[in-house]
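Trainee: Model the structure of this input:
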Amino acid sequence: MFQNFDDMQKVSKVNIDATMKSFEVVAKNVQAITTEITDYTKRSFENSTKTLEKLLGAKSLDMACTRFHRHRVRCFDGTGGESCPSSTVRAGRRCVSH
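Mentor: A predicted model of the protein is given here:
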């Protein structure tokens, strides 16, 4: 298969280069996913804190229930743009909010 040792070294180098490029792509995508998760977690925590403050400031049970319902609606509506097909991650593109 290999005529000499140099041919084998060339093939090995090509394989190692391809493997390293694959690792770079994976590392970049993992970093992008981690950034998105961190941003989403921060926004979620801030929204929940604001809602808790509003709930504690409610003067009646009816007002508290209304505020809680609005919070749930905001949370549900906010997750629609957060998800994206896995193909965008594989292609190295970021999700676009709808």
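
Trainee: How many neighbouring residues does residue 22 have?
Mentor: By other C-beta atoms under 10 Å, the residues close to residue 22 number 10. (C-beta placed from N, C-alpha, C; glycine too.)

Trainee: Which SSE is immediately downstream of the strand or helix carrying residue 15?
Mentor: Taking DSSP states H and E as the definition, one finds residue 15 inside helix 5-56. Where DSSP H and E defines the elements, the next helix or strand beyond helix 5-56 is helix 61-78.

Trainee: got the angle between that next one and helix 5-56?
Mentor: Taking axes from the mean of the first three to the mean of the last three C-alpha atoms, to 10 degrees, one finds helix 61-78 and helix 5-56 inclined to each other by 160 degrees.

Trainee: And helix 61-78, what does it pack against?
Mentor: Under the contact criterion of 3 or more C-beta pairs under 8 Å, 6 or more residues apart in numbering; DSSP states H and E, the helices and strands touching helix 61-78 comprise helix 5-56.

Trainee: tell me what the helix it packs on is packed against?
Mentor: Using 3+ C-beta pairs under 8 Å, 6+ apart as the contact definition, the elements that helix 5-56 packs against are helix 61-78, helix 86-90.

Trainee: same thing but at 6 Å, please
Mentor: Helices and strands touching helix 5-56, by 3 or more C-beta pairs under 6 Å, 6 or more residues apart in numbering; DSSP states H and E, are helix 61-78.

Trainee: and the helix it packs on, what's its mean pLDDT?
Mentor: Per-residue pLDDT values over helix 61-78 give a mean of 83.

Trainee: ok, residue 28 to residue 34 distance?
Mentor: For residue 28, the distance to residue 34 (C-beta to C-beta, to the nearest Å) stands at 11 Å.

Trainee: Much appreciated, bye for now.
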